[in-house]
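**Q** Quick one: sequence plus predicted model below, questions after.
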Amino acid sequence: MLVAISAYQLWFFVHLLGVFGLFLSHGVSAGVALKLRRERDPVRIDALLQLSASSIPAFYVSFLVLVTGGVVAGFLGSWWSQMWIWASIGILVAILISMYAIAGPYYRRVRTIVQAMARGSEAVTAEQLDGILRAPSALWNAIFGFTALLVIPYLMVFKPF
Amino acid sequence: MGYTRIVVGTDGSETAGRAVDRAARLAKDLDGTLFLVTASAPIGMIDSVAEEIVVAARDRARARGVEAQGVVQEGDPAEVLTSVAASKDAGLVVVGDQGLGKARRFKLGGVAERVAVMAPCDVLIVETQNPPEAPSEGPVYPRLLVGTDGSPTATAAVQRAYDFGMMIGVGVLVATVTGDDVLAAIHLEEAQKIKPRALGVETRVLRGEPAKALVKEADDEGCGLIVVGNRGLTGARRVLLGSVPSRVAHRADRDVLIARTVGRTIKDLRPGRGGVVDAGDGKMIAAFLEEDGTIRALDPRCTHMGCTVRFNQSEQTWDCPCHGSRYDLEGEVLQGPAKKPLSPTKL
């Protein structure tokens, strides 16, 4: 039996699909970020980073679906006069900037290092790699990401302001 | 690579004459053929005047022991120089740095800058305002400096500096400008790996703005020539952000060699080396030149997501920078996520 659905419900559904895809795809990167703190084999680290990088295209597609669905649903639901939607967008932009400015360079650096080590480089010691993988910036980035992913659904569901 | 055919542009000015002097010196030292080029039309020059300029430049080269060939061609100077360089199969174009001075540093379109962007080969920009004294005996440059950031194009520039150092018999100083000691060590280790055994190479880690740091180091260490790759000399990035090669050329008070490391063609490859090169008509191929001169040509698009692969000299593989897929010289997959091989392509 077909249920009549409004345009708003349809676009909200698209938005949720994007959210689901984003969690699924970026969950890979988040898992890799946590796993890297314990892994010390350069070849395995490189493989993990490749796995993470391979999920990025799906992340971008999901993000596009999420934003498109969210913006259209925002217009159809007349939400743009409310602060919660702007706060959600603000947090999303902040987390994107954070990922671009901190996480991207960090993981590119790790990748350069482990690839060099895998090729037999003597320029980097195991102790240096250990220090880099224990760097607080990666952990803080993950904490910031997880926190944002909790706050945004809270704002969307409870619409506190 | 070889600088056995050298093209130098002249408009008859004293500063252009210094570029002719430098080109003649290189042609003499490298036993090369020198072509003196003058463009006639855009500055309203009549043919007889252009001919006189070429004759004067030829006399100037002859005084330095080099018999040069003169070329007068109608057109925009930068376009004429690059077209002559292509038609003469030149390995090097030499131009004076007029128009690159501080007062005109933001003026796009100077002949030197345009030649650096358009030339089908390496470009030597000669310092003509306050040139360091070139020794009359011995190598034309006492030492070379080259910068690297570990990228494949920077590594190609390092290779070019090594080749040039070997040609003129001087050592090379390899510098990397970064605040990251670990990456610096990796960059310099990579540069050491490709060093010819007979070449003296020293390394430095520099801090600060790359162009400024490289120019200062060249000054401090008495390097007469700075070698940079041509990455970032074209496209939107150049206009919006500038590029290290461009900034080095603007800042340097000495000669700058802009090695054509991006936009290379098959003739730029050396035996046992590979690279993504222009096969003509803008078609890019992943080409590897065998020792016997045969070329293995592949489609450079990674079969995973379509990124352009890069040649990994130490492993002799084609590597995708996006997701880490790797292929052997035949294009077969060595490592995923790609599942399909690179397609062979016709030259």
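**A** Arrived safely, thanks for sending. Nothing here was measured: the structure is a model prediction, and the numbers come from that model.
**Q** Need the distance between the two termini of stretch B:189-203.
**A** In stretch B:189-203, first residue to last residue: 9 Å (Cα to Cα, to the nearest Å).
**Q** next one: it to chain centre, how far?
**A** 19 Å (Cα atoms, centre = their mean, to the nearest Å).
**Q** ok, is it in contact with chain A or not?
**A** Yes: if you take Cβ under 8 Å from any Cβ of the partner chain as the test, stretch B:189-203 does meet chain A, through B:189-190. No exception for glycine: its C-beta is placed from N, CA and C like everyone else's.
**Q** How about that stretch, which residues are buried there?
**A** B:189-191, B:195, B:201, B:203 (16 or more other Cβ atoms under 10 Å in any protein chain shown).
**Q** any idea which of those is least confident?
**A** Among the buried residues of stretch B:189-203, B:K195 carries the weakest pLDDT, at 81.
**Q** Quick check: phi and psi on that one?
**A** B:K195 has phi and psi values of phi -70, psi 130 when expressed as degrees, to the nearest 10.
**Q** Pretty sure it sits against B:D163.
**A** No: B:K195 is beyond contact range of B:D163, at 11.2 Å (criterion: Cβ atoms under 8 Å).
**Q** Get me the contact residues on chain A for chain B.
**A** A:46, A:49-50, A:53-54, A:57, A:109, A:112-113, A:116, A:119, A:121-124, A:128, A:132.
**Q** Of the residues you listed, which count as buried by neighbour count?
**A** A:46, A:49-50, A:53-54, A:109, A:112-113, A:116, A:121, A:123-124, A:132.
**Q** element containing B:R22, please.
**A** helix B:14-29 (DSSP states H and E).
**Q** can you check B:R231 too?
**A** Once you assign secondary structure using DSSP H and E, B:R231 falls outside every helix and strand.
**Q** Contact partners for the spatially closest residue to A:L76 that is not a sequence neighbour?
**A** Of all residues beyond its chain neighbours, the one nearest A:L76 is A:Y8 (4.2 Å), with distances taken as Cβ to Cβ, 6 or more residues apart in numbering or on different chains. Residues near A:Y8 by Cβ atoms under 8 Å, 6 or more residues apart in numbering or on different chains: A:73, A:76-77.
**Q** For those residues, give me JSON lines that also has secondary structure, pLDDT and neighbour count.
**A** Output for these, formatted as JSON lines (DSSP: H, G, I helix; E, B strand; the rest coil; pLDDT from 0 to 100; neighbours: other Cβ atoms under 10 Å in any protein chain shown):
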{"residue": "A:A73", "secondary structure": "helix", "pLDDT": "93", "neighbour count": "21"}
{"residue": "A:L76", "secondary structure": "helix", "pLDDT": "93", "neighbour count": "15"}
{"residue": "A:G77", "secondary structure": "coil", "pLDDT": "89", "neighbour count": "16"}
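**Q** quick one: which of those is nearest to chain B?
**A** Closest approach to chain B among the contacts of A:Y8 (Cβ to the nearest Cβ): A:A73, at 30.0 Å.
**Q** got JSON lines for the contacts of A:Y8, with distance to B:V309 too?
**A** Below are the contacts of A:Y8 laid out as JSON lines (distance: Cβ to Cβ, whole Å):
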{"residue": "A:A73", "distance to B:V309": "41"}
{"residue": "A:L76", "distance to B:V309": "45"}
{"residue": "A:G77", "distance to B:V309": "46"}
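**Q** Setting aside sequence neighbours, what's the nearest residue to residue 77?
**A** Since you didn't name a chain, this refers to chain A. That would be A:Y8: by Cβ to Cβ, 6+ apart, it lies 5.4 Å from A:G77.
**Q** actually it's chain B I care about, not the one you picked
**A** B:A39 is the one closest to B:P77 (Cβ to Cβ, 6+ apart), at 4.1 Å.
**Q** separation between the one you found and B:Q98?
**A** Distance, B:A39 to B:Q98, using Cβ to Cβ, to the nearest Å: 14 Å.
**Q** Any stretches of chain B with poor pLDDT?
**A** B:1-2, B:41-47, B:99-109, B:131-136, B:232-242, B:262-264, B:268, B:280-283, B:306-307, B:321-323 (pLDDT under 70).
**Q** got it, and chain A?
**A** Ranges of chain A meeting pLDDT under 70: A:1-3.
**Q** Can you name the residues of the stretch 101-250 of chain B that neighbour chain A?
**A** B:150, B:180, B:182-183, B:185-186, B:188-190.
**Q** just checking, which of the residues you listed belong to strands?
**A** When DSSP state E is applied, these are split such that none fall in strands.
**Q** Please name the nearest non-neighbouring residue to B:E67.
**A** B:A61 (7.5 Å).
**Q** pretty sure that neighbour contacts B:G17?
**A** No: the criterion here is Cβ under 8 Å, and B:A61 misses it with B:G17 at 10.1 Å.
**Q** count of neighbours near the residue nearest to B:E67?
**A** For B:A61, the count of nearby residues is 25 (other Cβ atoms under 10 Å in any protein chain shown).
**Q** List phi and psi for it.
**A** According to degrees, to the nearest 10, B:A61 has phi -70, psi -40.
**Q** just to revisit the earlier point, could the buried ones among the residues of chain A next to chain B go into CSV alongside distance to B:R25 and secondary structure?
**A** Below are those laid out as CSV (distance: Cβ to Cβ, whole Å; DSSP: H, G, I helix; E, B strand; the rest coil):
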residue, distance to B:R25, secondary structure
A:D46, 48, helix
A:L49, 49, helix
A:Q50, 50, helix
A:A53, 49, helix
A:S54, 53, helix
A:R109, 43, helix
A:T112, 40, helix
A:I113, 43, helix
A:A116, 40, helix
A:S121, 40, coil
A:A123, 38, coil
A:V124, 43, coil
A:I132, 48, helix
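**Q** Identify the farthest-apart pair in the residues you listed.
**A** Greatest spatial distance among those (Cβ to Cβ): A:S54 and A:A123, at 27.4 Å.
**Q** Please flag which of the residues of the stretch 101-250 of chain B next to chain A sit within helices.
**A** Counting by DSSP state H, those place B:182-183, B:185-186, B:188-190 in helices.
**Q** Of the residues of the stretch 101-250 of chain B next to chain A, grab the buried ones for ChimeraX.
**A** Command for ChimeraX, covering only those of these found buried under the criterion 16+ other Cβ under 10 Å:
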select /B:150,180,182,183,185,186,188,189,190
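**Q** Strands of the stretch 51-200 of chain B, start to end?
**A** B:68-73, B:92-96, B:122-126, B:144-147, B:172-177 (DSSP state E, counting those that start in this stretch).
**Q** Could you provide these in TSV, with additional columns for mean neighbour count and distance to B:L26?
**A** Shown next, in TSV, are these (neighbours: other Cβ atoms under 10 Å in any protein chain shown; distance: least, Cβ to Cβ, whole Å):
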stretch	mean neighbour count	distance to B:L26
strand B:68-73	18	12
strand B:92-96	29	7
strand B:122-126	26	8
strand B:144-147	29	13
strand B:172-177	24	17
